[in-house]
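Asks: coordinates only, no sequence provided:
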């Protein structure tokens with residue numbers, strides 16, 4: 001920023017909300033390092049335990065394999081990590097029934113056309129499945145070269161439609177989001193709470209339900225997370241850049257005239273005075289108070305207890321269950337089982353899933369995908385950074401964000 005002549009200013013609530021540190025820091029803070037190590041410890045423990053359980057090994061044996069030399073397929077088989085090596089046609093051949101000359105396969109298009117009744121399934125209830133994916137923004141959901149955006153108008157409409165439909169007995173809200181706009185998050189949270197007053201709303205967390213992604217989940221009847229789901233990050237970050245120096249390097253001079261003591265607070269040619277910074281902090285602490293109160297309300301916790309596990313910190317789903325931020329560990333199947341329990345059905349009862357938002361037509365989907373291809377394709381690491389920056393830009397300069405503090409990538 002200094003080389004560009006930009007004065008980058010960041011405020012955050014609280015110490016673990018490290019997204020702003022990525023903009024202005026030169027090294028990890030102690031809080032950032034503590035959180036990162038805690039996440040890695042939890043994820044690594046899950047990796048060892050899950051592989052060991054699945055393959056009949058001990059966690060110590062799995063760790064030894066991880067720390068050992070690179071492995072060939074033969075090494076994997078000898079270590080017990082795989083059962084063998086085959087080409088795909090050989091796998092199909094091994095699956096054919098006695099007397100068959102070749103294995104029978106069913107295409108997805110054929111499988112999709114099979115009616116539940118044909119195979120003896122008679123749905124006992126309808127359950128709405130609502131997908132909320134990507135950064136949370138106001139307006140409609142869309143997608144771009146950097147990923148999905150979860151639009152509050154789209155999700156609120158889907159939740160309201162499912163809640164008002166008397167044929168639908170429960171709602172499963174599947175979330176995968178690093179967070180985003182406080183306003184959009186609050187609108188979705190309100191829709192969840194209203195829907196919960198009419199029928200059970202079960203949240204199923206996918207890869208991440210962090211910051212705003214957790215905010216929209218907090219009001220649900222029941223929350224299910226994967227053990228490795230990035231969860232929480234109850235906190236706020238606010239960034240503002242004074243680009244007057246950069247404009248000067250380009251030979252562009254700026255002047256500002258204004259009315260009002262804080263009219264220049266978000267001006268791109270203004271660095272905060274101490275009094276202006278206090279006003280930003282006042283807004284952020286108010287938003288943080290709203291965040292913690294709504295989590296406390298949804299989770300039946302004290303606000304002080306929410307603050308203790310909040311403070312911008314990210315947890316894994318396994319850790320989040322221990323501290324009360326989620327109710328149960330599992331995936332979408334677990335969430336559907338919980339939904340059945342809430343409407344007094346057995347775990348094996350057949351239900352019909354009604355998807356929201358409603359699937360788009362073929363022409364609309366093709367046009368969107370063609371439009372997508374006209375945009376630049378970025379390498380995955382740059383795409384993650386660009387998505388966060390575009391999320392900031394989408395919400396407008398100088399707006400606080402409920403967003404996950406950083407991206408955790410495991411290679």
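Replies: Looks like it arrived, so ask away. All values reported here derive from a predicted model rather than from experimental measurement.

Asks: any idea how far residue 135 is from residue 143?
Replies: For residue 143, the distance to residue 135 equals 11 Å [Cβ to Cβ, to the nearest Å]. Where you see a C-beta, it was placed from the backbone N, CA and C, and this is true even at glycine.

Asks: more neighbours: these two, which one.
Replies: In this comparison of residue 143 against residue 135, neighbours counted by other Cβ atoms under 10 Å, the higher total goes to residue 135 at 28 against 14.

Asks: residue most distant from the centroid, the chain?
Replies: Centroid-distance maximum for the chain: residue 99 at 48.5 Å, with Cα atoms, centre = their mean.

Asks: any low-confidence regions in the chain?
Replies: Within the chain, the stretches falling below the threshold (pLDDT under 70) are 144-147, 359-398, 406-411.

Asks: could you chop it up by domain?
Replies: 2-95, 123-252+264-375 (the TED database).

Asks: excluding its backbone neighbours, what's nearest residue 47?
Replies: Nearest-residue entry for residue 47: residue 62, 7.8 Å, with adjacent residues in sequence omitted and distances by Cβ to Cβ, 6 or more residues apart in numbering.

Asks: let me fix that, I meant to ask about residue 59.
Replies: Closest residue to residue 59 in three dimensions, ignoring its sequence neighbours and counting by Cβ to Cβ, 6+ apart: residue 48, at 4.1 Å.

Asks: what about the one you found, which SS state?
Replies: The three-state label for residue 48, taken from DSSP: H, G, I helix; E, B strand; the rest coil, comes out as helix.

Asks: tell me, how many residues neighbour it?
Replies: By the measure other Cβ under 10 Å, the count of residues near residue 48 is 18.

Asks: contacting residues around the residue most central in space within the chain?
Replies: The chain has residue 177 as the residue nearest its centroid, 2.1 Å off, counting by Cα atoms, centre = their mean. Residues touching residue 177, when contacts are defined by Cβ atoms under 8 Å, 6 or more residues apart in numbering, comprise 132, 133, 134, 135, 136, 150, 208, 209, 210, 212, 213, 216.

Asks: thinking the fifth one is in contact with residue 183, fair?
Replies: I take that to be residue 136. No: because the distance of 9.3 Å does not satisfy Cβ atoms under 8 Å, residue 136 is recorded as not touching residue 183.

Asks: which one of these two is surrounded by more residues?
Replies: Higher neighbour count among residue 136 and residue 183: residue 136, with 34 against 16, using other Cβ under 10 Å.

Asks: identify the bridge partners of that one.
Replies: As for beta bridges, residue 136 partners with residue 150, residue 180 under DSSP bridges.

Asks: tell me the spacing between residue 27 and residue 36.
Replies: Using Cβ to Cβ, we find residue 27 at a distance of 12 Å from residue 36.

Asks: out of those two, which sits in the busier spot?
Replies: Legend: neighbour count by other Cβ under 10 Å for residue 27 and residue 36, higher for residue 36 (16 against 7).

Asks: flag every buried residue along stretch 195-214.
Replies: 195-196, 199-206, 208-214 (16 or more other Cβ atoms under 10 Å).

Asks: can you check stretch 304-318 too?
Replies: 306, 307, 309, 310, 311, 312, 313, 314, 315, 316, 317, 318.

Asks: the residues you listed in helices, which ones?
Replies: With helices identified by DSSP state H, the entries of the buried residues of stretch 304-318 that belong to them are 306, 307, 309, 317, 318.

Asks: with respect to residue 112, which of the domains of the chain lies nearest?
Replies: Nearest of the domains of the chain to residue 112, taken as Cβ to Cβ: domain 123-252+264-375 at 12.1 Å.

Asks: contacts for the helix or strand hosting the residue nearest to residue 47?
Replies: Under the assignment given by DSSP states H and E, the secondary-structure element containing residue 62 is helix 59-67. Among residues not part of helix 59-67, those counted as contacts by Cβ under 8 Å, 6+ apart are 47, 48, 49, 51, 52, 55, 71, 79, 81.

Asks: what sits against the fourth one?
Replies: Under the criterion of Cβ under 8 Å, 6+ apart, the neighbours of residue 51 are 57, 62, 81.
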